[in-house]
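Asks: any chance you could fold what I've pasted below:
(4 chains)
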Amino acid sequence: MEQTIQISIHYFAGLRDATKKDLETITIRKGATAESVYQHLITIYNLPDIKQLKVAINDSFASQHTEIMDGDKLVFIPPVTGG
Amino acid sequence: MEQTIQISIHYFAGLRDATKKDLETITIRKGATAESVYQHLITIYNLPDIKQLKVAINDSFASQHTEIMDGDKLVFIPPVTGG
Amino acid sequence: MSNFFITQEVINLNLIVTENPDHQSGAKSVFEGIVRDCNLGKSVTSLEYQCYEELAVKEGSLIIGEALSKFDINYAYCVHRIGLLNVGDTAVTVLVYAGHRDDSFKACRFIIDEVKTRVPIWKKELYVSGKSDWLQGAG
Amino acid sequence: MSNFFITQEVINLNLIVTENPDHQSGAKSVFEGIVRDCNLGKSVTSLEYQCYEELAVKEGSLIIGEALSKFDINYAYCVHRIGLLNVGDTAVTVLVYAGHRDDSFKACRFIIDEVKTRVPIWKKELYVSGKSDWLQGAG
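Replies: Numbers count the residues shown, from 1 in each chain, chains lettered A, B, ... in the order given. Sure thing, here's the model as predicted:
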């Protein structure tokens, strides 16, 4: 049987509106990358293309191709508009 | 006899220190320019070369070659250092 | 200690930095970003700023550090307000002290430019029409 | 009315401009020139600013007008203090409101650069040694 991990995903701005969630905890297969997590999310929610987003893992910017570990906090970051 | 006019000269910064005056009224020949007035002053006080100075007549910048009229207020302006 | 802050409170520069922190500074530059009453032709009543705070503080602090190393400045500070802001409110303030004005201007501009493109803060405009929209980057 | 002023009083920006004069401005830039404790290696205790006030106000007002026509800004203001100033005192303050930051930064910089080269104000530095000197331009 495939090994799984639990991660939390936090949503902001348009992604929060689209998911109607601040955060959620999901169970995914071990070995998943940020990108593959997003591919999964896109089957559930109406989300923008990942090309428009940055990725943060445990509050640091990371590559989309980074493998996600058990307990990681994952955030997909829409283009920022502060200031 | 040569016609004369009376003008006032106001001094600032280094020129004030050199002349030890805030202002003075002098009598000069009619037809004098700002430059010729300065040539006269330089015979009395230890002043810098006029090339380093701007000239104001009646509180407006003017050319050194402007003819000075009776009652004019004349100011020689050292390089400014405000701010 | 970092000099980048996120706050929910009104930004009051006087309360933050009351005096020149040293006596080697001949120049102080301040920038404030303010909520305008219109954007791209739509009438704005207020703005909601949302923030990914952990990363925002980390990235903002990095920007302050970059400014201090890139420019000949003595002090740099930035605070960004989040939550619901009204037209006329200050959303972000940058403050720089430097020996001379060239570096104070450049560092101040650098900080606000970098904050606007790198720090994870988003704004949703609430319009007179009752609608609202998350802005789409490059504000 | 012009927005260029000469004052003998302490410059307090909060007393001068207490709020955004319109709601079309998204950017506010402020510059302050401050008395430093050293210049060209000499220890300064205080500064005396002298001013040819009639022409200074005229020329300063001209500069404010130029900034308003050259840049896309909504408001520009400058005040220069004269008399005896101590280290840490603000000698000059420039304030600009604009729709966007690019013009607020550029106009603010333009005004201080022009004021420093065109407005007839001179400073004499008083040194720890007891000596003093009128500075020689391009300050």
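
Asks: check chain A for its longest helix and report it.
Replies: helix A:34-42 (DSSP state H).

Asks: list the buried residues in it.
Replies: Within helix A:34-42, the residues scored as buried using 16 or more other Cβ atoms under 10 Å in any protein chain shown are A:34, A:36, A:37, A:38, A:41. Placement of C-beta: from N, CA and C, glycine included.

Asks: just how off-centre is the very next helix or strand once past that helix within its chain?
Replies: Once the chain leaves helix A:34-42, the next helix or strand it forms, by DSSP states H and E, is strand A:54-57. On the basis of Cα atoms, centre = their mean, to the nearest Å, strand A:54-57 is displaced by 8 Å from the centre of the chain it belongs to.

Asks: mind listing the strands strand A:54-57 pairs with, and their directions?
Replies: Here strand A:54-57 is paired, per DSSP bridges, with strand A:60-62 (antiparallel), strand A:73-77 (antiparallel).

Asks: can you redo the buried residues of helix A:34-42 as JSON lines with distance to chain B and pLDDT?
Replies: Output for the buried residues of helix A:34-42, formatted as JSON lines (distance: Cβ to the nearest Cβ, whole Å; pLDDT from 0 to 100):
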{"residue": "A:34", "distance to chain B": "52", "pLDDT": "97"}
{"residue": "A:36", "distance to chain B": "59", "pLDDT": "96"}
{"residue": "A:37", "distance to chain B": "56", "pLDDT": "97"}
{"residue": "A:38", "distance to chain B": "54", "pLDDT": "97"}
{"residue": "A:41", "distance to chain B": "56", "pLDDT": "97"}
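
Asks: low-confidence stretches in the chain?
Replies: All of this refers to chain A. Applying pLDDT under 70 to chain A flags the ranges A:1.

Asks: meant chain C, my bad for not saying
Replies: For chain C, the stretches with pLDDT under 70 are C:1, C:15-21, C:137-139.

Asks: can you rerun that using 50?
Replies: C:138-139 (pLDDT under 50).

Asks: residues contacting the residue positioned nearest the centre of chain C?
Replies: For chain C, residue C:92 is the residue whose C-alpha lies nearest the centre (Cα atoms, centre = their mean; 2.9 Å). By Cβ atoms under 8 Å, 6 or more residues apart in numbering or on different chains, residue C:92 lies in contact with A:82, A:83, C:11, C:31, C:32, C:33, C:78, C:79, C:80, C:81, C:112, C:115.

Asks: the last one reaches residue C:60, doesn't it?
Replies: Going back to what we said before, that points to residue C:115. Yes - using Cβ atoms under 8 Å, residue C:115 is in contact with residue C:60, at 6.4 Å.

Asks: which parts of chain C sit against chain A?
Replies: Residues of chain C found near chain A (Cβ under 8 Å from any Cβ of the partner chain) are C:33, C:49-52, C:54-56, C:58-59, C:80, C:91-92, C:112, C:115-124, C:134-139.

Asks: can you select the buried ones from those residues in PyMOL?
Replies: Selection command for PyMOL covering only the buried members of these, criterion 16+ other Cβ under 10 Å:
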select buried, chain C and resi 33+49+50+51+52+54+55+56+58+59+80+91+92+112+115+116+117+118+119+120+121+122+123+124+134+135+139
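
Asks: which of the residues of chain C next to chain A fall in helices?
Replies: C:54, C:55, C:56, C:58, C:59, C:112, C:115, C:116, C:117, C:118.

Asks: next, format those residues as TSV and append distance to residue C:65.
Replies: As requested, those are exported to TSV (distance: Cβ to Cβ, whole Å):
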residue	distance to residue C:65
C:54	17
C:55	15
C:56	15
C:58	11
C:59	11
C:112	16
C:115	13
C:116	17
C:117	17
C:118	13
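
Asks: with adjacent residues omitted, what lies nearest to the residue in chain A positioned nearest to chain D?
Replies: Closest residue of chain A to chain D, Cβ to the nearest Cβ: residue A:83 (8.2 Å). Excluding the flanking residues, the one nearest residue A:83 by Cβ to Cβ, 6 or more residues apart in numbering or on different chains is residue C:116, at 3.9 Å.

Asks: now do the contacts for the one you found.
Replies: Contacts of residue C:116 by Cβ under 8 Å, 6+ apart are A:80, A:81, A:82, A:83, C:139.

Asks: cool, residue C:13 as well?
Replies: By Cβ under 8 Å, 6+ apart, residue C:13 lies in contact with C:30, C:32, C:93, C:95.

Asks: most widely separated two among those?
Replies: Using Cβ to Cβ, the contacts of residue C:13 span at most 9.5 Å, a distance reached by C:32 and C:95.

Asks: in what helix or strand does residue 6 lie?
Replies: In the absence of a named chain, chain A is used. Per DSSP H and E: residue A:6 is located in strand A:4-10.

Asks: sorry, should have said chain C
Replies: With DSSP H and E as criterion, residue C:6 is part of strand C:4-7.

Asks: list the buried ones in that strand?
Replies: Buried residues in strand C:4-7 (16+ other Cβ under 10 Å): C:4, C:5, C:6.

Asks: pull the number of nearby residues for residue 27.
Replies: Reading this off chain A. By other Cβ atoms under 10 Å in any protein chain shown, 8 other residues sit near residue A:27.

Asks: can you look at chain C instead?
Replies: What residue C:27 shows, counting by other Cβ under 10 Å, is a neighbour count of 25.

Asks: contacting residues around the nearest residue to residue A:64 once chain neighbours are set aside?
Replies: Among residues not flanking residue A:64 along the chain, residue A:35 sits closest, at 4.2 Å (Cβ to Cβ, 6+ apart). Neighbouring residues of residue A:35 by Cβ under 8 Å, 6+ apart: A:50, A:64, A:65.

Asks: out of these, which are buried?
Replies: By 16+ other Cβ under 10 Å, the contacts of residue A:35 give A:50, A:64 as buried.

Asks: how about the contacts of residue A:35 in CSV, adding distance to residue C:86?
Replies: Shown next, in CSV, are the contacts of residue A:35 (distance: Cβ to Cβ, whole Å):
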residue, distance to residue C:86
A:50, 35
A:64, 38
A:65, 43
